[in-house]
Structures are given as C-alpha cells and as structure tokens.
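> could you work out the structure for the sequence below:
(2 chains)
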Amino acid sequence: MIELIFPDGSRRAFDQGASGRDVAASIAKSLEKRALLVRLDGQLLDLDRPLPGGGTFEILTRESPHALEVIRHDASHVLAQAVQELFPGTQVTIGPAIEDGFYYDFARDEPFSLDDLGAIEARMAEIVDRDEKIVREVWDRNEAIAHFKGIGEAYKAEIISDLPEDEVITVYRQGNWKDLCLGPHLPSTRHVGKAFKLTKLAGAYWRGDHRNAQLQRIYGTAWASEADLEAYLKRVEEAERRDHRRIGRAMDLFHLQEEARGMIFWHPKGWTLYRTVEAYMRRRVESDGYVEVKAPQIMDRGLWEKSGHWEKFGQNMFTCETTEGEELAVKPMNCPGHVQIFNYGQKSYRDLPLRMAEFGACHRYEPSGALHGIMRLRAFTQDDAHIFCREDQIEAETTKFVKLLNSVYSDFGLDLHSVKLALRPDVRAGSDEVWDIAEAKLDRAARQAVNMEVEPLPGEGAFYGPKLEFHLRDAIGRTWQCGTLQLDFVLPERLDAEYVAEDGSKQRPVMLHRAICGSMERFLGVTIENYAGAFPLWLAPTQAVVASITSDADDYAREVAAALKAAGLRVELDLRNEKINYKVREHSLAKTPVIAAVGRREAETRALAIRRLGSEGQTVLPLDEAVAALVAEAVPPDLARGALRG
RNA sequence: GCCGGCUUAGCUCAGCUGGUAGAGCAGCGGUUUUGUAAACCGAAGGUCACGGGUUCGAUUCCUGUAGCCGGCACCA
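This is a model prediction of the structure:
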C-alpha cells in the first residue's frame, strides 16, 4: 500500500501500482476527465504512470501553472511530429518549454520559410484532433541508440550516448511518432489544445556552442486557453508599441546611422533626458559617499596587458597605433584607470572603503549580431564605480550598494525582480582558494542584503571574480539586467594596488566593481519602454507646452512661458497659427506631460488652464499657483525626499 | 560572427505575374484667429539601400555587399 497526502491535508491509502488516474477516478469521474498530470512530492508524473510511492500528492488540471509547462512541452513534441510528417528527412534534436511557450530545434539542409509555419500549424492542429495517446516506454540504452541511429536521428543517438550509464532511457510515443524524452507528458495530444501559435524562425547552435552545427529553431507560444493566448498576443503588441527605438524616433530623442554602428546620435530632447538621469545618479552616489573621477579615454596597450584585459578581450577593443609607434587602446572599461588613481600617492586603511565613481564612456567592438537599438551598443557609458576596501568590509559595502540600487530603481518605477550570482568561469584568473572565498562572501552578502533568493549561475562569472546580477522588472512585466556588483581579488594584485594598514604593513585592497544602471544608454532604453515615453514630470524632456488659442493671447502666453522657465521648468511655447485641438493632439502624441492652453479668458484673469497627459479635463489655476504646483511636482524624487527630511 | 527575414519620399506604408513609382501624415507657400486629440487650398518632394548580371527594357528576376529586424553565439 502507498499513502498519499492530499492538498487539504487528508490522507488515503492506495494499492501498490495505482496510477494518478486511478486516484483521480476514485475521487470523482469528473476529476478523472479533467486530470492531466499528478505531482508527487513536488515531482510531476504522467497520469497513467504507476505511482512509485507515497507522499504529498496533487492532481493537476489544465488550470495549474505546472500543467501549463507540460502543455508547452507537449506542444513542442506536436510541432516536431508535424514537421517530420511534412518534411521527411528532418532530424529532431531538443524542444523544451520556455517562458510563454516552447521551441524545437531541427536539423534540415533546406531552411524553413515563414510560409511553412502556417502549414506546420495546420498539421499540429490535425495531430491535436487525432488525439493520439502519449505513452511512456522504458528502453534499453543500446537498443535506443541503435534505434535512433537506424532511423537517421544522429542527434538523438548522441544525446543518449552522452547520458550517464545508469540513466533510465524513456521514449514517449504519440501515434507512430516517438521521441526520446524525460517527460512527463499529457495523456494524449488532444490536451495540448489549440491555444498555440508558431511565432518565429531562428538559427541556434547544437548544444549552444557556436563551433557546432547550426540548427533551425521554430518558436511557438502556447496557453491553457484561447483567452490566455489572446492576452499574450496583446502583451506582445503592447511591447512593440513601447519599443524604445520607435518611441525614440517619435519623440525625436536620438537616432542611429550606419556610419557609427552601435553608437547614438542624441538629439536635444534625448540628451536632456540623459542629462537629467545622469544628474540624478550623480546626486545619489555623491550622497552615498562616493567620489567622482575621470580617467583617460585612451591608454597604452601595456596597461591593458597588465590588467589581463588584452589577453581576454584584445580582439574586442578599439585600438590604434601612433606614428611614433605607440600602441593604444580605447578603454573598454574603467577599472584600470581607477586603480591608477588609487595608486597615485599613498592610501591608508583610513581611506577605505574608497568609493570611486565615474560616468565612464566605454567602447567595445561588439559582434555585429549583438547590437540592439540603444540596449546593446559599441559606445556606451557606465555609471561605474569601484569600491576599494578590506575583505571584512565587503558585506557591509554590498548591503549599502543594494540599498542604493533598490532606491534608484523604485524612483524610476522599476522593481528589483531577482538576484543572480554568476560563479567562476572555465577561463579565469586567480587561484581556486581565492574563488572559494570570493563566491562565499558575495553569496552571503547578497542574501543578507536582499530579501529574496539568490540564484546561482555556474560558469557565468567574470574572469576576475564572481558577479551579482540584479534583474529588474518594468511596467509590463519584462525583466532586464542592469545592476551588477562584482568582487575582484585579481585586478588589485595585477595592478599593484596597496594601502598602508594600521600596523604599517602594505596590504592589498579588494575591489568591488558595481553599477546600478549598467549602461546609461541601456537604462534609458528601459526607462523609455517602462514609461512608454510618458515620463513623470521630473524626467520629461519637455515638461510643459504653453499653447496659444488665438494670437490675442500671444503676449500673455510669452509671459507664462517665461515664468515657467524662470521657475526652472523645461518649457516650449507654441504660438503657431493652428487650432487648439490641433495643438493639443500634437503635444499629447509627443507625450508632453503638461499642456497649458491660453486664450483671451486666461489672459484677462491671469490664470492657467492646465491639461495633464492622459486626462481629458483641465484645471484652471491662478498663474503663480500653477507655477508653484508644477515646480513642486518637477522636483526629482531624491531631492523631494531630502526636502521632506530638511 | 552564424541562421532567417527586411530595405520604396522626413515618417508610416501601397505598388499582381518585368514597361523608369503612389497614398496619408510631416515639411514648404497661402487662406483661416481658432476653447482642449487632425481647418482648407496649393506646389514640391524618390539614383525604389548600394554594386554586378540576365533582358530591348529591372523597384520587380539572379547574384554580391551593407545596414536594420528576429533568434543563436558573445557580453570584461
């Protein structure tokens, strides 16, 4: 007998060998009909698989989030079956469920075309309608290898060969189509449903390695219901509407052009936004005990060799040779420069922790395929800082940093979504003992600093040390990695950074590399998309437009604009010979937060009729009151907090 | 860098199977003085990304290159 503990806490015993279906049927016929899978001690199992033992037990129906993952996984199998039916000779590889959907990687000499997707979708629907039973089979390892080799599935055979000897080889069969798979799966293809859609074609390397063959990946999205699918497609549309490239063009913020790939031409409005964010960041780090510096843009190759960057990233640096034979490199990062400043003169333990910040303009020769709007560039500016400190100060500095980072994000309407710890990569500097210490320190510090789990990322650290990644979430739920904190025992060693300790001995400081925005450009891209261009008043490049209704009011309009400008607001004056409807529409589309229309009435009463972006009515206020209200609202959030405290 | 797609006026986009291009908006010139999301009229604007080929003739077909887009790889 096995004992199952149900979600309501009740316990019941079942015969050895009972399946999830048996259990569901014993509760209610209707439940058996709706059941797709079961969860035993947290592990998902096929409905018809005999339960291997007792434990906490749950029957999953279509509505369960865990079931959705399996629906997506099964959709990928249905996709693979459809492709193999339509395009014989195509090899299958792997096809997992992913966020919002699934993909499957195929090996086929001829490329799929976008036109094929419709036919494949239709065939998928047909397979769903066939309602093929999905059956789990345990195979002998060698037989499985021979079978997949025999039918020309070299990739599948390779996967099995690479599995550990004692691994149970399971093959799932749906109709006469079979796939090597760990499972679990739905009882039959009908349960995949029709709320799926193939979305895009892409190339992908076998096993994620660019030295391997390139496969063809077909992406799809799949949901428990049509309504969920619709909602998802709406969300995608919304994201497209918010695309920073589109908004950047519409609001005349910046442009990119071929002659400077991966670099931004900031237009006046975009640069105003940039400077506003930069000024804000400058205040935040200054008040958090940082000093700001500026190091040279171009430095001798020798320094980069010494730091170790030349060896690892020399291929990705912009370099030049002078007529006098010097070899120079444009800085791809700021740390070596900061160490030079640290090294100048003598530093005492009393100087630590020394927090050295720079809005550092960096250039990196990124692979052409990596470039993406203003999110991934070849010329970008880091809100960089290096904290030189003792080992025993690492945790306190990490906590301090995380507090600052959280506060900055919330000022931009963003939430910290997750924290990840990237651990030692294969190619790295420093001994394993040093890495052990570094990883442990950062892990502990991060756990203390944030009230959330810290997800380890094996092999993803920087070559000189482990890396904390701070992922944030924007207004429509997308996540971005911006903030980072990296622990570095290596660079101080390589560049001979030292301080004089209390006992007079020379000691090595530890360096913390850290950034909140990451790249200013990327953070601005995220901010643009987060607000969809409708910035809060303190960020808006143009905060208010004074629009005249008739030319009679021109003088008063000028006076109002001058008053707002004198009060420190960014104002535009629109005296064009256009209808007020036209002006309101135009400035609304330009996302100007405040439109002050002035006509004869306002001029006579010395008032201001203010229309706020996104609302239809107007508020009429005496001019000086209106100015005062707008000025108060336009104070950046950090200064507003300061004013409250003061 | 790799795989696939795209590139027509400042912007958004039409242009079937080859006969040197069209709209809306913006811009420009007028008329209109207007009350909260598009007043009216007019003229103008294009080496159809760039190079080569096929053809009597190429925006259209083939090919090469570049950029961009979607992924992959990369991301100090």
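> what helix or strand does whichever residue of the stretch 51-200 of chain A sits closest to RNA strand B sit in?
RNA strand B sits closest to A:Pro111 of the stretch 51-200 of chain A, with a gap of 3.5 Å, by CB to the nearest atom of the strand. All C-beta spots, glycine's among them, are computed from the backbone N, C-alpha and C. Under the criterion DSSP states H and E, no helix or strand holds A:Pro111.
> name the residues linked to the nearest residue to it once chain neighbours are set aside by a beta bridge.
Excluding the flanking residues, the one nearest A:Pro111 by CB to CB, 6 or more residues apart in numbering is A:Gln216, at 6.4 Å. On the basis of DSSP bridges, A:Gln216 is bridged to A:Phe106, A:Gly203.
> and what of the one 4 residues further on?
Here A:Gly220 sits in beta bridges with A:Phe102, A:Leu198, as judged by DSSP bridges.
> how much space between the residue nearest to A:Pro111 and A:His77?
Using CB to CB, to the nearest Å, we find A:Gln216 at a distance of 17 Å from A:His77.
> so these two - more neighbours on which side?
A:His77 (24 against 20; other CB atoms under 10 Å).
> can stretch A:236-250 be said to contact RNA strand B?
Yes. Contact of stretch A:236-250 with RNA strand B is found when judged by CB under 7 Å from any atom of the strand, involving A:Arg245, A:Arg249.
> buried set for that stretch?
Judged by neighbour count (16 or more other CB atoms under 10 Å), stretch A:236-250 contains these buried residues: A:Arg242, A:His244, A:Arg245, A:Arg246, A:Ile247, A:Gly248.
> right, and A:Val171 touches A:Leu182 too?
No. Look at A:Val171 against A:Leu182 with CB atoms under 8 Å: they stay out of range, at 10.5 Å.
> these two - which one has more neighbours?
Ranked by neighbour count (other CB under 10 Å), A:Val171 and A:Leu182 place A:Val171 first, with 20 against 12.
> beta-bridge partners for that one, please?
A:Glu137, A:Leu180.
> report how many residues lie close to the residue lying closest to A:Ala213 once chain neighbours are set aside.
Of all residues beyond its chain neighbours, the one nearest A:Ala213 is A:Trp206 (5.0 Å), with distances taken as CB to CB, 6+ apart. Neighbourhood size, A:Trp206 [other CB under 10 Å]: 17.
> how close does A:Trp206 sit to A:Gly89?
Distance from A:Trp206 to A:Gly89, by CB to CB: 17 Å.
> same check on A:Ile98?
In this view, A:Ile98 and A:Gly89 are 26 Å apart by CB to CB.
> these two: who's more crowded?
In terms of neighbours (other CB under 10 Å), A:Ile98 is the more surrounded of A:Ile98 and A:Gly89; the figures are 15 against 10.
> find me the pLDDT at the more buried one, would you?
Predicted confidence (pLDDT) for A:Ile98: 96.
> any idea what it is bridged to?
A:Gly101.
> before we move on, the earlier item: close enough to count as contact, the residue of the stretch 51-200 of chain A closest to RNA strand B and A:Leu215?
No. Look at A:Pro111 against A:Leu215 with CB under 8 Å: they stay out of range, at 11.0 Å.
> surely A:Leu404 meets A:Arg284?
Yes. Between A:Leu404 and A:Arg284 there is a contact at 6.5 Å, judged by CB under 8 Å.
> mind listing what A:Lys269 touches?
By CB atoms under 8 Å, 6 or more residues apart in numbering, the contact list for A:Lys269 reads A:Met251, A:Asp252, A:Leu253, A:Pro541, A:Thr542.
> for it, which three-state class applies?
Following DSSP: H, G, I helix; E, B strand; the rest coil, the label given to A:Lys269 is helix.
> ok, now A:Gly430?
Classified using three-state DSSP, A:Gly430 is coil.
> which residue is the nearest non-sequential neighbour of it?
The shortest distance from A:Gly430 to any non-neighbouring residue, by CB to CB, 6+ apart, is to A:Val490 (4.7 Å).
> from RNA strand B, how far out is the one you found?
11 Å (CB to the nearest atom of the strand, to the nearest Å).
> now the strands for the stretch 451-600 of chain A?
With DSSP state E, counting those that start in this stretch as the criterion, the stretch 451-600 of chain A has strands at A:454-457, A:467-473, A:479-488, A:499-500, A:506-507, A:510-519, A:544-548, A:571-574, A:594-598.
> and those strands: which comes nearest RNA strand B?
Per CB to the nearest atom of the strand, nearest to RNA strand B of the strands of the stretch 451-600 of chain A: strand A:594-598, 3.5 Å.
> averaged pLDDT, whichever helix or strand comes after the closest one. What do you get?
Following strand A:594-598 in sequence order, the next helix or strand is helix A:600-605 (DSSP H and E). Here helix A:600-605 scores 96 as its mean pLDDT.
> helix A:600-605 close to RNA strand B?
Yes. Judged by CB under 7 Å from any atom of the strand, helix A:600-605 comes into contact with RNA strand B through A:Arg600, A:Arg601, A:Glu602.
> okay, and which of the buried residues of stretch A:236-250 map to helices?
Within those, residues falling in helices by DSSP state H are A:His244, A:Arg245, A:Arg246, A:Ile247, A:Gly248.
> what's the closest of those to RNA strand B?
A:Arg245 (5.6 Å).
> buried ones among the residues of helix A:600-605 next to RNA strand B?
A:Glu602.
> ok, the residues of helix A:600-605 next to RNA strand B vs A:Lys583, which is closest?
Checking the residues of helix A:600-605 next to RNA strand B against A:Lys583 with CB to CB, the nearest one is A:Glu602 at 14.4 Å.
> the closest one against A:Ala609, yeah?
Yes. Counting by CB under 8 Å, A:Glu602 does reach A:Ala609; the two are 6.0 Å apart.
> tell me the SS of A:Lys441?
Per three-state DSSP, A:Lys441 ends up helix.
> same question, A:Arg355
Per three-state DSSP, the secondary structure class of A:Arg355 is strand.
> any regions of chain A where pLDDT drops low?
A:644-646 (pLDDT under 70).
> for RNA strand B, what are the nearby residues on the stretch 201-350 of chain A?
Contact residues (CB under 7 Å from any atom of the strand) of the stretch 201-350 of chain A with RNA strand B: A:201-205, A:208-210, A:214, A:216-217, A:219, A:245, A:249, A:256, A:258, A:261-262, A:309, A:312-313, A:316-317, A:332-333, A:335.
> the same query, at a cut-off of 6 Å, please.
A:201-205, A:208, A:210, A:214, A:216-217, A:245, A:249, A:258, A:261, A:309, A:313, A:316-317, A:332-333 (CB under 6 Å from any atom of the strand).
> and A:Gly337, what does it touch?
So A:Gly337 contacts A:Ala295, A:Pro296, A:Met299, A:Lys331, A:Glu358, A:Gly360 (CB under 8 Å, 6+ apart).
> next one: A:Arg136
Contacts of A:Arg136 by CB under 8 Å, 6+ apart are A:Asp46, A:Asp48, A:Arg49, A:Thr170, A:Val171, A:Tyr172, A:Gly183, A:Pro184, A:His185.
> would you reformat those as a markdown table and include distance to RNA strand B?
Formatted as a markdown table, the contacts of A:Arg136 follow (distance: CB to the nearest atom of the strand, whole Å):
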| residue | distance to RNA strand B |
| --- | --- |
| A:Asp46 | 29 |
| A:Asp48 | 34 |
| A:Arg49 | 32 |
| A:Thr170 | 25 |
| A:Val171 | 26 |
| A:Tyr172 | 25 |
| A:Gly183 | 24 |
| A:Pro184 | 25 |
| A:His185 | 24 |
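> just among these, which is most surrounded?
Going by other CB under 10 Å, A:His185 tops those with 29 neighbours.
> which residues are contacting stretch A:114-134?
A:46, A:74-75, A:77-79, A:81-83, A:85-87, A:172-175, A:177, A:185-190, A:192-194, A:196-198, A:201, A:218.
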